[in-house]
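J.: Fold the stuff below for me.
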Amino acid sequence: MLLVKYENVVVITRKTALEELVERFNTREQARFYVEHLGTSFAGYQSSHDTYHTALNRLRADLREHLPELRTQFVERAFLPNYQFGDHDIVVTLGPDGLVVNTAKYLHGQPLVAINPDPQRMDGVLLPFTVPQALPVLRSINRGKFRSIDLRMARAELPDGQSLLAVNDLFIGAKTHISARYRMRYRGQEEDQSSSGVIVSTGAGSTGWYRSVLAGAVGLVEAAAPHLGVGSLRDRYRFDATADELRFCVREPFVSRVSAATLVTGRLGPGETLELTSQMPQNGVIFSDGVESDFLRFDTGTTARIGLADRRACLVQA
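T.: The predicted structure is shown next:
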């Protein structure tokens, strides 16, 4: 394996809930008034904010003092879509699992170190490291000695060449809460559908949106026909994040004279695609990993092809 000479550490940060409140209400005092006026304690916001910035300040100081051979840059999450990562970057995320997911789809094989800044509040399914572990793992990466897993990603592609990657899931549907209308093609079958949109999930995303859709469906069947004993299906959502597989499900499909609901779920393996052709005059969108601001337009006549992405995310392991 060719040893990469790393030159930079790019740390991806995110705003705390308190910082977002201050942005909304202009001052910390006004934010406090709003929160307490609703009967909620402001202390939790302040404590979470302080913990995050303590972790951030320690990471910044450790990198500056103990790893001076690598240049360090800090990038806030909002700038990810326009940031150009280099081949010689080590990328660090300091935040929840969602920040890992938001970051990974913009990388091209660079090692990604996911750090949990607040283990008391964050479960961190994708966060194997704490701040005190950052320096040892970064030194190991710089020596070319580290373990990693390759997360499989999904890809949506349009005929004009536009594409979008997803580490967790893709949403294809309407921008608003109106029904999405489209034609679906899957394994030789096709039908017109009207629904709340389609979710296509990777293994990494199977614990998120995909799981919630499955749980809702099982709950409805249990309530309507308890004798069927389908409750155990609620726990059959998870599949390996490295698996060469995607799973899709249709949210709230509506059956009418012009729309059907037989193709409501399925799997996509290597080389397989799910095709959706929009029948929405406007407000059709495709976005990934919950980031609605970074989307592809999916209006009437546009056909999207969904499948496994060639690119993988290199997530460093403990």
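J.: Going by C-alpha atoms from here, please, whenever you check contacts or count neighbours.
T.: Will do.
J.: which residues of the stretch 51-200 of the chain fall in strands?
T.: Per DSSP state E, counting those that start in this stretch, the stretch 51-200 of the chain carries strands over the ranges 71-76, 89-94, 112-116, 129-130, 147-157, 163-166, 169-174, 180-186, 189-195, 198-201.
J.: what angle separates the first one from strand 89-94?
T.: This points to strand 71-76. Counting by axes from the mean of the first three to the mean of the last three Cα atoms, to 10 degrees, strand 71-76 points 40 degrees away from the direction of strand 89-94.
J.: rewinding a little: would you convert the strands of the stretch 51-200 of the chain into JSON lines that also reports distance to L18, mean neighbour count and mean pLDDT?
T.: Converted to JSON lines, the strands of the stretch 51-200 of the chain look like this (distance: least, Cα to Cα, whole Å; neighbours: other Cα atoms under 10 Å; pLDDT from 0 to 100):
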{"stretch": "strand 71-76", "distance to L18": "15", "mean neighbour count": "14", "mean pLDDT": "97"}
{"stretch": "strand 89-94", "distance to L18": "16", "mean neighbour count": "24", "mean pLDDT": "98"}
{"stretch": "strand 112-116", "distance to L18": "18", "mean neighbour count": "26", "mean pLDDT": "98"}
{"stretch": "strand 129-130", "distance to L18": "22", "mean neighbour count": "18", "mean pLDDT": "98"}
{"stretch": "strand 147-157", "distance to L18": "32", "mean neighbour count": "21", "mean pLDDT": "96"}
{"stretch": "strand 163-166", "distance to L18": "28", "mean neighbour count": "22", "mean pLDDT": "96"}
{"stretch": "strand 169-174", "distance to L18": "28", "mean neighbour count": "28", "mean pLDDT": "98"}
{"stretch": "strand 180-186", "distance to L18": "35", "mean neighbour count": "21", "mean pLDDT": "98"}
{"stretch": "strand 189-195", "distance to L18": "36", "mean neighbour count": "19", "mean pLDDT": "98"}
{"stretch": "strand 198-201", "distance to L18": "31", "mean neighbour count": "26", "mean pLDDT": "98"}
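J.: Out of those strands, which is closest to Y237?
T.: With Cα to Cα as the measure, strand 198-201 is the member of the strands of the stretch 51-200 of the chain nearest Y237 (10.4 Å).
J.: what lines up beside that closest one in the sheet?
T.: Paired strands of strand 198-201, with direction, are strand 169-174 (antiparallel), strand 246-250 (antiparallel) (DSSP bridges).
J.: got the CA positions of the next helix or strand along the chain from it in PDB?
T.: Counting by DSSP states H and E, the next helix or strand C-terminal to strand 198-201 is helix 209-224. Output of helix 209-224 as PDB, limited to C-alpha atoms (Å, rounded to 0.1, in the frame of the first residue of the first chain):
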ATOM      1  CA  TRP A 209     -35.000   7.000   8.800                       C
ATOM      2  CA  TYR A 210     -35.300   3.500   7.400                       C
ATOM      3  CA  ARG A 211     -35.800   2.100  10.800                       C
ATOM      4  CA  SER A 212     -38.500   4.600  11.700                       C
ATOM      5  CA  VAL A 213     -40.500   3.800   8.500                       C
ATOM      6  CA  LEU A 214     -40.300   0.100   9.300                       C
ATOM      7  CA  ALA A 215     -41.400   0.700  12.900                       C
ATOM      8  CA  GLY A 216     -44.400   2.700  11.700                       C
ATOM      9  CA  ALA A 217     -45.500   0.100   9.200                       C
ATOM     10  CA  VAL A 218     -45.200  -2.700  11.800                       C
ATOM     11  CA  GLY A 219     -47.100  -0.700  14.400                       C
ATOM     12  CA  LEU A 220     -50.000  -0.200  12.000                       C
ATOM     13  CA  VAL A 221     -50.200  -3.800  11.100                       C
ATOM     14  CA  GLU A 222     -50.000  -4.800  14.700                       C
ATOM     15  CA  ALA A 223     -52.900  -2.500  15.600                       C
ATOM     16  CA  ALA A 224     -55.100  -3.700  12.700                       C
END
